[in-house]
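Visitor: can't give you the sequence, but here's the structure:
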């Protein structure tokens, strides 16, 4: 398969880290291996496209990408309740008491 121009995008290292976390989390949400599942590359492209559209939160990226993948599965007759986006608290905020 020839690479498309959108597959040749250049991202910063920190951007790749966010997208990798999102891809891993979306794969976990879908209960599949992020490296060996037949649609892992399609999921990665979805994460990249969503990131490119302005979504830079890994949790939100994961939920959106997983839900988009559910749409693909629904076309094939497999249905699942959509995943909700639950932002994670920053590590230092979880221990603050008022």
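Guide: Received, thanks. Just so it is clear, the model here is predicted, and its values are computed rather than measured. Residues are numbered from 1 along each chain as shown.

Visitor: Can you give me the distance of residue 69 to residue 13?
Guide: According to Cβ to Cβ, to the nearest Å, residue 69 and residue 13 sit 26 Å apart. The way it works is simple: take the backbone N, C-alpha and C, and place the C-beta from them, glycine included.

Visitor: To clarify, my last question referred to residue 48.
Guide: 15 Å.

Visitor: pLDDT averaged over the one helix or strand residue 26 maps to - what is it?
Guide: Assigned by DSSP states H and E, residue 26 belongs to helix 13-29. The pLDDT scores in helix 13-29 average 96.

Visitor: Touching the helix or strand following that helix from outside, list them.
Guide: Heading C-terminal from helix 13-29, the first helix or strand you meet, by DSSP H and E, is helix 40-52. Residues outside helix 40-52 that contact it (Cβ atoms under 8 Å, 6 or more residues apart in numbering) are 6-7, 9, 11, 15, 18-19, 22-23, 26-27, 30, 32-34, 37, 61-62, 64-65, 68-69, 72.

Visitor: thinking residue 27 is in contact with residue 39, fair?
Guide: No: using Cβ atoms under 8 Å, residue 27 makes no contact with residue 39, being 9.7 Å away.

Visitor: what about these two, which has more around it?
Guide: Comparing residue 27 with residue 39 by other Cβ atoms under 10 Å, the one with more neighbours is residue 27, at 23 against 15.

Visitor: that older thread, more neighbours: residue 48 and residue 13, which one.
Guide: residue 48 (21 against 6).

Visitor: in the protein, which helix or strand is least confident?
Guide: helix 58-75 (a mean of 91; mean pLDDT, DSSP states H and E).

Visitor: and that helix, what other elements does it pack with?
Guide: Applying 3 or more Cβ pairs under 8 Å, 6 or more residues apart in numbering; DSSP states H and E, one finds that helix 58-75 contacts helix 13-29, helix 40-52.
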